[in-house]
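**Q** Sequence plus the predicted model coming up.
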Amino acid sequence: MQTQGTLFLIPCTLGDTNPLEVLPLLVKKAIEEIDIFIVENEKNARRFIKSICPRKSQPSLIFSVINKYTDNTEIPDMLTPCLQGLNIGVISDAGCPGIADPGAAVVEQAHIKGIKVVPLVGPSSILLAMMASGFNGQNFSFNGYLPIDKGERKLEIKRLERLSVEQNQSQLFIETPYRNNQMLESLMSTLHAQTHICVACDITLTTEYIKTHTANDWKKIKVDLHKRPTLFIIQK
């Protein structure tokens, strides 16, 4: 009986940094040995693979792409090589596959098919931001993107603030990078003065900026978050 392959969840960097400064050698070893990948963006994945294994032959690599446009009916076929005894690697655009990432759908199918799933260690912006925030790391929630409409966004910010009080729960969310400054303005103007806001920007990069202050104190601080990957966390 043919042995099934394994699905490896391969973390990548959170930005333009030396991969071996933030990734263990086990990630490099996995990429050296795998030629079939399920990725969020082929061009980005090829660039990452080359950065960590520059001698690996690029023409021999096989890619399937999974993103918000992928039909779920396409996913089971992506795992066929595993059923034939070959290993597959899943690579996100940034950080850890499956965490706020479409790769979770691949992992779900792997479990359905009885394929072994191995997560490899790497940087998660959500966990790193929580570690550095000073907030409750035993009870937190990642909420993805908040509404774009100003009125709806204000209501959602107030709802998350109430949750943080009622459940002693840190509330994390992100914004499209070119709207980061507006998001911080919304938080300062909507939250209670003593509610704490953590801004975690450019995590693991040389420009990393992580600060926690009250909403009132943030009004005295000037920081430009425009087009910089940023996580926001609030807790009252």
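**A** Structure's in. What do you need?
**Q** which residues of the chain fall in helices?
**A** With helices called from DSSP state H, the chain shows them at 19-22, 25-33, 42-52, 75-78, 80-83, 103-112, 125-133, 150-166, 180-190, 215-218.
**Q** tell me which residues of the longest one are tucked away?
**A** So the one you mean is helix 150-166. Residues of helix 150-166 classed as buried by neighbour count (16 or more other C-beta atoms under 10 Å): 153, 156-157, 160-161, 163-164. C-beta coordinates here come from the backbone N, C-alpha and C atoms, glycine included.
**Q** need the helix or strand of the chain with the lowest average pLDDT.
**A** helix 19-22 (a mean of 91; mean pLDDT, DSSP states H and E).
**Q** Point out the most buried one among the helices of the chain.
**A** helix 125-133 (a mean of 20; mean count of other C-beta atoms under 10 Å).
**Q** Need the contact partners of the least confident helix or strand of the chain.
**A** Applying C-beta atoms under 8 Å, 6 or more residues apart in numbering, the contact partners of helix 19-22 are 12-14, 27-28, 48, 51-52, 122-123, 204.
**Q** And for stretch 50-66?
**A** With C-beta under 8 Å, 6+ apart as the criterion, stretch 50-66 contacts 19-20, 23, 27-28, 31-32, 35-42, 45-46, 49, 75, 78, 81, 102-103, 105-106.
**Q** ok, now with 7 Å
**A** If you take C-beta atoms under 7 Å, 6 or more residues apart in numbering as the criterion, stretch 50-66 is touched by 19, 28, 31-32, 35-40, 42, 45-46, 49, 75, 78, 102-103, 105-106.
**Q** With just CA atoms, put that stretch into CSV.
**A** Extracted C-alpha coordinates of stretch 50-66, given in CSV (Å, rounded to 0.1, in the frame of the first residue of the first chain):
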residue,chain,number,x,y,z
LYS,A,50,14.3,31.7,-3.9
SER,A,51,15.2,33.8,-0.9
ILE,A,52,15.4,30.8,1.4
CYS,A,53,16.7,28.2,-1.1
PRO,A,54,18.4,30.1,-3.9
ARG,A,55,19.8,27.0,-5.6
LYS,A,56,16.4,25.2,-5.8
SER,A,57,15.3,24.7,-9.4
GLN,A,58,12.3,27.0,-10.0
PRO,A,59,11.1,25.4,-13.3
SER,A,60,10.5,22.1,-11.6
LEU,A,61,8.1,23.6,-9.1
ILE,A,62,4.3,22.9,-9.3
PHE,A,63,1.9,25.5,-7.9
SER,A,64,-1.8,25.6,-7.1
VAL,A,65,-3.3,29.0,-6.1
ILE,A,66,-5.8,29.5,-3.4
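**Q** All set now, cheers.
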